[in-house]
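Trainee: here is the input, now give the coordinates:
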Amino acid sequence: MFGYIRACKPEMRIKEYELYKAVYCSLCKELGKSYGIFARFTLSYDFTFLALLSMSLNDSCCGLKRGVCTCNPLKKCTYLKNTDELKMPAAAAMILNYYKLVDNLRDEKGIKQIGYRLLKPIFSYAYKKARKGYPEIEKIVSDYIKIQLDLEANNCDDIDIAAEPTAICMSKIFSMLNGDRVQKRCLERMGYSIGRYIYILDAAVDLNDDIKLSRYNPFKSYKNDSDFVNGIIKPTLNISIAEAAKALELIDIKKFKNILDNLIYLGLEDTFKKELKI
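Mentor: This next block holds a predicted model:
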């Protein structure tokens, strides 16, 4: 969706980074297999994180194999042998990306809008297939979109309220990863914190463009300077990261613990600093 849940590569061991890439490449392959070749271009690190978290909740061996990259036949990649646990993250990716495309159609004008119109039939096919397989995800996302559009129509400038639909949407999707009542609650909190982090960071990154193009942004009343970034955005993002970290410690992780620790404890902060240039 946005690609803000990224690893801090310098702090990751080589074997862990190779496994992380294997999940990323396997998710790419699953998107192409289930939803067509164009679906591969919607791949983001956010859904790689969702896939890793999903796989980490059981202790079965995923197994690895070498294969040729579909997008670059001259390149060899490492893939997971069993990709069953990637089906739900792949469906969530297609449903969320379809709604993102529809949102871009509303916001953009000129050449960009024409491009999105040409892409819509391709995404519609993938969206309908994902919706059929995972109607509960479609319901979660469509409900969140309706609430978000109402807030935007009313020019909501309260960041806590504006971020709430995305946070709740992600909390519900994350809670689907496990049936245990206690674990579901922890996963909900993780998803809520991640969703809030994504929304706030994206709004901060897009602020200048949104002001220039007269698009909605909850931070429009602020001046995009160092005081705004360091005094408002950074502390707010750090709170979301801290909450996500607390939730992670309560989740019964069976494998990939070091990778998930890197993503939450190091990757989130590293990413927002790079995106905000601080």
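Trainee: do a quick rundown of the helices in the chain.
Mentor: 14-35, 45-56, 87-107, 111-133, 135-153, 159-175, 181-212, 226-228, 234-250, 257-261, 268-276 (DSSP state H).
Trainee: what's in contact with the fifth one?
Mentor: It refers to helix 135-153. 88, 91-92, 95-96, 99, 103, 130-131, 161-162, 164-166, 168-169, 172-173, 176, 216 (CB atoms under 8 Å, 6 or more residues apart in numbering). Yep, even glycine has a C-beta here, placed from its N, CA and C like the rest.
Trainee: filter those residues down to the buried ones, PyMOL style.
Mentor: In PyMOL, this line selects whichever of the contacts of helix 135-153 come out buried by 16 or more other CB atoms under 10 Å:
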select buried, resi 88+91+92+95+96+99+130+131+162+164+165+166+168+169+172+173+176+216
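Trainee: so how far is L74 from the closest residue to R215 other than its chain neighbours?
Mentor: Sequence neighbours aside, D107 is the residue nearest to R215 in space, at 5.5 Å (criterion: CB to CB, 6 or more residues apart in numbering). Note on D107: its distance to L74, by CB to CB, to the nearest Å, is 37 Å.
Trainee: over to R66?
Mentor: On the measure of CB to CB, R66 and L74 end up 14 Å apart.
Trainee: between the two, point out the one with more neighbours.
Mentor: For R66 versus L74, neighbours defined as other CB atoms under 10 Å are more numerous around R66 (9 against 6).
Trainee: could you pull up the residues touching the more buried one?
Mentor: Going by CB under 8 Å, 6+ apart, R66 touches 76-79.
Trainee: which of those residues ranks first by neighbour count?
Mentor: Y79 (22 neighbours).
Trainee: low-confidence ranges in the stretch 51-200 of the chain?
Mentor: 108-110, 116 (pLDDT under 70).
Trainee: give me the number of residues near the nearest residue to F47 once chain neighbours are set aside?
Mentor: Leaving aside its sequence neighbours, F47 sits nearest to A93 (CB to CB, 6+ apart; 4.4 Å). Counted with other CB under 10 Å, the neighbours of A93 add up to 27.
Trainee: what sits against A93?
Mentor: 1, 27, 31, 39, 42-44, 47.
Trainee: again, 7 Å this time
Mentor: By CB atoms under 7 Å, 6 or more residues apart in numbering, the residues touching A93 are 31, 42, 47.
Trainee: I'd like to know how far it sits from C28.
Mentor: 10 Å.
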